[in-house]
Every structure is written in structure tokens, then in C-alpha cells.
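Asks: can you look at this prediction? I've put the sequence above it.
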Amino acid sequence: MRLVRTITVIPGDGIGPEVIGPALDVLVALGLDLRFDVIEEVNAHRYLRDGTALSDADFARVRSSAATLLGAVGDPRLRDTGYARGVLWRLRSGLDLYANYRPARLWHERLSPLRDAARRPIDCVVVRENTEGLYSGIGGGTATGTAAEVALDTDLSTHRGVSRIIDFAFSVARRGVCLVDKASAIPHGGRLWQRCWREAVARHPRCATSHLYADTAALRLAEDPTVFDVIVTNNTYGDILSSLTAALAGGIGLAPSASLNPGTGFGVFEPMHGSAPDIAGTGTANPLGAILSAALLVEHLGHGEEAGAVRRAVAAAVAAGRTTPDIGGALGTREAGAAVLAELGAR
């Protein structure tokens, strides 16, 4: 008997549903034993209607599945962060998805903004701690809305959280791991990160290691991203630096990501680009970030050959210029997805 695994799909907001369609087409074309449970009702429309971001029933469907493919979350009608946190943070904290894995690979040299051809072929990963840091929601304020307002957000780091994200970074490294922090200016958290780093380096003596402060790391990435293999850092710096690596690899429309719990094996896979309300409904959104996120998903489930086939199909479509306008093509979202399908069928 074949094991059929369920993938929950949350199209979400803005361009999310537009890019999830082609990604699902690619997953179906792979012919794997997967079924898809599409949760259409998780979106800003419902939140605006009744205040529900991710209901208990929605969360239960996600938790009972093998993995989740997510489109995007966010809506310009919402000024507060309650909706986005209600979906993203609930998934990350409720499922303990502590490892955010953001690979950046240059699919064609014409997409790089760097002038020096020798320094263009970026192929690295930003490993971002995903459940602590400034995004943990610890803080408060006084005199809100007045000239005397004071706001406080706490940057949370724990030995357990820092140790496990650094160990995860070593587990996915091919050449080396670079710790990025700002211990020179943030003494308490910096001291903890440095201690956990020394302990991890001792556990992985055969892996090349380095350390950079966050500002220097941004500079080095812009100068020569090819020197990096895996960057491990906290929630905030990882969010920022992965946007930089995405730009160096051709743009945010190409950038996949995965939020993982290596212990349970569960993951949420989503393109990095967000809901992009400025282009929603225009049919021009780039589906490749979602398709590459789907490739990460099937690879995570043990289908490495199929994931490789998807990536080769993406590379071929990009090389042929059969893409959306953001990376130099003239195709719409659906047509760009069809171009990948055509390359996949020709394998």
C-alpha cells in the first residue's frame, strides 16, 4: 500500500493565491503520493470580518499534515500586526519551527547586480533563528500616542534556542559556517551567542568557521557573496541579510524559504516575497519563489531527485528568458509557471 501524505496549502493574501497555483501545478506534475488540503479561509478578509487569523481548526489541519505550503500573509488595510502574527507567529511558535532556512542561488549571471563576474555566483544559505529575538513579542510601552511615548521591545535569547540553531547551521553546511551577531554593541545577548558558538565549534571541529558583526557581514555580502556557505544569525539580522542575499541572487521573486523543526520533521514552506499588494491582481507576480519553495518541500519529504528536477526546470526557464518582467521576461504569472512545467516535462 502506498503512503499518501497530506500537504496543507494556505494561499493567503495578495499575490499568494496567484503564485501558489503554479507551485501546486508543479507538485502535481511530479506524480508523488501527495494530497492537498487547501485552507482557503486563512486570509485578511476573514480577519477583517470576525478577527480570526488562524483558528484552532485551521491549526489542527496544519499540525496533522506532513508539511505546509504557504503563499503570503499581509494586507494594506490592516495597520496593526495582529493578523500577520496570528498566522505566522502562531505557526512558528505553536509548531516550534525554530530554524528558518533561506537559500540564495544565482540562477543566471544576467540577474546579478554585481559588476565583477567572478563574484556573482552566490550559492549560500541564511539560517535564521525563528522563535526568539526581537520578534518574540516581549515588550510594552507607556504614554502611547503622546509626545512622551516610550516603547520597549526585548531581544530574547536562550541557551537552548541559540545552541540548537547553531547546530542546525552546522548540519546543513557544505563548506563552512559564519556566525553573524553584534556582540560588540549588545553585550548580554552577544555574550550568550558567543558562548554557544564556541561550544558548537568544539562539537564540529572539521567544519570551517568564521565570525562577523552584522554590519560587516552586509558589506562582505555586497562585495563578494561567494565567500559564504552558511550564515547563522538571530531573527532580526537573518530577516535583513536574507533579503540582501535574495537581491544578489536575482531578486525577491526568486527567493524560497522554509521554517523547520528538525526534531519533528515538520516544515512550512513559503516564498520570501510577501503579499506584494502593489502588483496583486495584475498577473505579473513571479511564481518561481513559490515553485522553488515547493522544491524545498518535496526535498524535505525525501524526494531529492524530484526537487532537483524542479530546480533544473527553473534554471532552464530562466536561461531561456521565459519569466515574469521582474527578472527580464515578458510572461505573466501563469505563463511563467507553464514554462517551468514545460521544462519539467522535457526532462
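Replies: Alright, I've got the coordinates. Numbering: from 1, shown residues only.

Asks: helix, strand or coil for the residue nearest to Asn130 when sequence neighbours are not counted?
Replies: The shortest distance from Asn130 to any non-neighbouring residue, by C-beta to C-beta, 6 or more residues apart in numbering, is to Asn100 (4.1 Å). All C-beta atoms are positioned from the backbone trio N, CA, C, and that covers glycine. Counting by DSSP: H, G, I helix; E, B strand; the rest coil, the backbone at Asn100 sits in strand.

Asks: any idea how far Asn100 lies from Ile166?
Replies: 14 Å (C-beta to C-beta, to the nearest Å).

Asks: Ala148 too?
Replies: Taken as C-beta to C-beta, the span from Ala148 to Ile166 is 41 Å.

Asks: more neighbours, these two?
Replies: Ile166 (24 against 8; other C-beta atoms under 10 Å).

Asks: what about the strands in the chain?
Replies: In chain order, the chain shows strands spanning 5-12, 34-38, 67-72, 99-105, 123-129, 139-142, 150-153, 176-181, 208-213, 230-233, 256-261, 266-271, with DSSP state E as the criterion.

Asks: so which of these comes closest to Ala246?
Replies: strand 99-105 (5.8 Å; C-beta to C-beta).

Asks: so which bits of stretch 270-283 are buried?
Replies: 270-277, 279-280 (16 or more other C-beta atoms under 10 Å).

Asks: between the two ends of it, how far is it?
Replies: End-to-end span of stretch 270-283 (C-alpha to C-alpha, to the nearest Å): 19 Å.

Asks: for it, the distance to its chain's centre please.
Replies: 15 Å (C-alpha atoms, centre = their mean, to the nearest Å).

Asks: if we can go back for a sec, number of nearby residues for the residue nearest to Asn130?
Replies: Other residues lying near Asn100 total 24 when counted by other C-beta under 10 Å.

Asks: measure it to Cys196 for me?
Replies: 17 Å.

Asks: of the strands of the chain, which is nearest Leu219?
Replies: Nearest of these (C-beta to C-beta): strand 208-213, 8.9 Å.

Asks: and stretch 31-51, what's buried?
Replies: Judged by neighbour count (16+ other C-beta under 10 Å), stretch 31-51 contains these buried residues: 34, 39, 42-44, 46-47.

Asks: need the residues you listed in TSV with distance to Gly71 and pLDDT, can you?
Replies: Formatted as TSV, the buried residues of stretch 31-51 follow (distance: C-beta to C-beta, whole Å; pLDDT from 0 to 100):
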residue	distance to Gly71	pLDDT
Leu34	17	96
Ile39	11	97
Val42	10	96
Asn43	9	96
Ala44	12	96
Arg46	15	96
Tyr47	15	95
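
Asks: looking at this structure, which helix or strand does the model trust least?
Replies: helix 82-84 (a mean of 92; mean pLDDT, DSSP states H and E).

Asks: mind giving me the packing neighbours of it?
Replies: helix 44-50 (3 or more C-beta pairs under 8 Å, 6 or more residues apart in numbering; DSSP states H and E).
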